[in-house]
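Asks: have a look at this fold, sequence not included:
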């Protein structure tokens, strides 16, 4: 069984919490995994990550408990073939807008006659040819997540979810809000209402669905709606937020010290 789907199955009432790995750095990926996240999205769509970088990040995560999900830059069979050979086992496909696109995504992850994945022997995926019967069992280990990112696509949610081989859906709130005319306002009431309806429809058909929130508060809202898995911010986002907060605190302290000196008193605590 696919490792990410195993994570979802074992989660029960506590949706797994992940984060985006946007730094393209194996060291940062390993560090953020050690922080305790259940899963991580290795991003090739909006991060400067090439195939060699994918291998290095996957190698770094292999020594941690974080379950990796790799988002390909596009629904392209050549890219899919290469990242699968590199050892990725759960793929997220961005901007899936139709049943045909969902079928194409799944086909790219399957060997013939079930799909169009090119056959190779001694790859990292097969532990360099040492995994018995890898070519015959690979499809059982591969997970496919379709990203739903527009209001129009949500109308076709059930049809896309019903495609054999689509294991889960992922609602992208940033693109969804933009498609609804609310660019940057991810928690606009109309956006949240459509997201809530989509989650309930996924539950009705038994298809796991996830999303991404930028802050703990947003993630708490999404968990309350009923998402089966969530991601919080990114390695870059968490680093920048912490750095900015620390710097702001120091500058506030500097300002207070200047005011104290100007008033003619000394602070023994500074």
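Replies: That came through fine. Everything numeric in this text was worked out from a predicted model, so none of it was measured.
Asks: that's a helix at residue 19, yeah?
Replies: No. Counting by DSSP: H, G, I helix; E, B strand; the rest coil, residue 19 is located in no helix; its state is strand.
Asks: that one contacts residue 33, doesn't it?
Replies: No. Taking Cβ atoms under 8 Å as the definition, residue 19 is not a contact partner of residue 33, at 9.1 Å. For every residue, glycine as well, the C-beta is placed using N, CA and C.
Asks: shared neighbours of these two, anything?
Replies: Shared contacts of residue 19 and residue 33, defined by Cβ atoms under 8 Å, 6 or more residues apart in numbering, are found at residue 40.
Asks: who touches residue 26 in this structure?
Replies: Contacts were defined as Cβ under 8 Å, 6+ apart; by that measure residue 26 touches 53, 56, 57, 59, 60.
Asks: just name the closest of the residues you listed to residue 23, please.
Replies: Of all the contacts of residue 26, residue 57 has the smallest distance to residue 23: 9.1 Å, by Cβ to Cβ.
Asks: doesn't the closest one lie inside a helix?
Replies: Yes. Assessed with three-state DSSP, residue 57 lies in a helix.
Asks: how many other residues sit next to it?
Replies: Residue 57: 28 surrounding residues under other Cβ atoms under 10 Å.
Asks: please apply the same query to residue 106.
Replies: Neighbours of residue 106 using other Cβ under 10 Å come to 23.
Asks: tell me the pLDDT of residue 253.
Replies: The score at residue 253 is 86. That number is its pLDDT.
Asks: all strands of the protein, in order?
Replies: For the chain, the strands defined by DSSP state E occupy 17-21, 39-43, 67-71, 90-93, 143-148, 168-171, 209-213, 229-234.
Asks: now those as JSON lines including mean neighbour count and distance to residue 159?
Replies: Formatted as JSON lines, these follow (neighbours: other Cβ atoms under 10 Å; distance: least, Cβ to Cβ, whole Å):
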{"stretch": "strand 17-21", "mean neighbour count": "25", "distance to residue 159": "27"}
{"stretch": "strand 39-43", "mean neighbour count": "24", "distance to residue 159": "25"}
{"stretch": "strand 67-71", "mean neighbour count": "25", "distance to residue 159": "22"}
{"stretch": "strand 90-93", "mean neighbour count": "26", "distance to residue 159": "16"}
{"stretch": "strand 143-148", "mean neighbour count": "25", "distance to residue 159": "11"}
{"stretch": "strand 168-171", "mean neighbour count": "24", "distance to residue 159": "12"}
{"stretch": "strand 209-213", "mean neighbour count": "24", "distance to residue 159": "15"}
{"stretch": "strand 229-234", "mean neighbour count": "23", "distance to residue 159": "22"}
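Asks: coming back round to it: of the contacts of residue 26, keep whichever come out buried.
Replies: Buried members of these, scored by 16 or more other Cβ atoms under 10 Å, are 53, 56, 57, 60.
Asks: what's the spacing between residue 192 and residue 128?
Replies: Distance of residue 192 to residue 128, given as Cβ to Cβ, to the nearest Å: 47 Å.
Asks: so, low pLDDT: which residues of this protein?
Replies: 265-270 (pLDDT under 70).
Asks: beta partners for the residue most central in space within it?
Replies: The centre of the chain sits closest to residue 41, judged by Cα atoms, centre = their mean, with a distance of 3.5 Å. Judged by DSSP bridges, the bridge partners of residue 41 are residue 20, residue 69.
Asks: list the helices and strands the top helix by length along the chain packs on?
Replies: Counting by DSSP state H, the longest helix found in the chain is helix 235-262. Packing partners of helix 235-262 (3 or more Cβ pairs under 8 Å, 6 or more residues apart in numbering; DSSP states H and E): strand 17-21, helix 26-34.
Asks: right, I'll leave it there.
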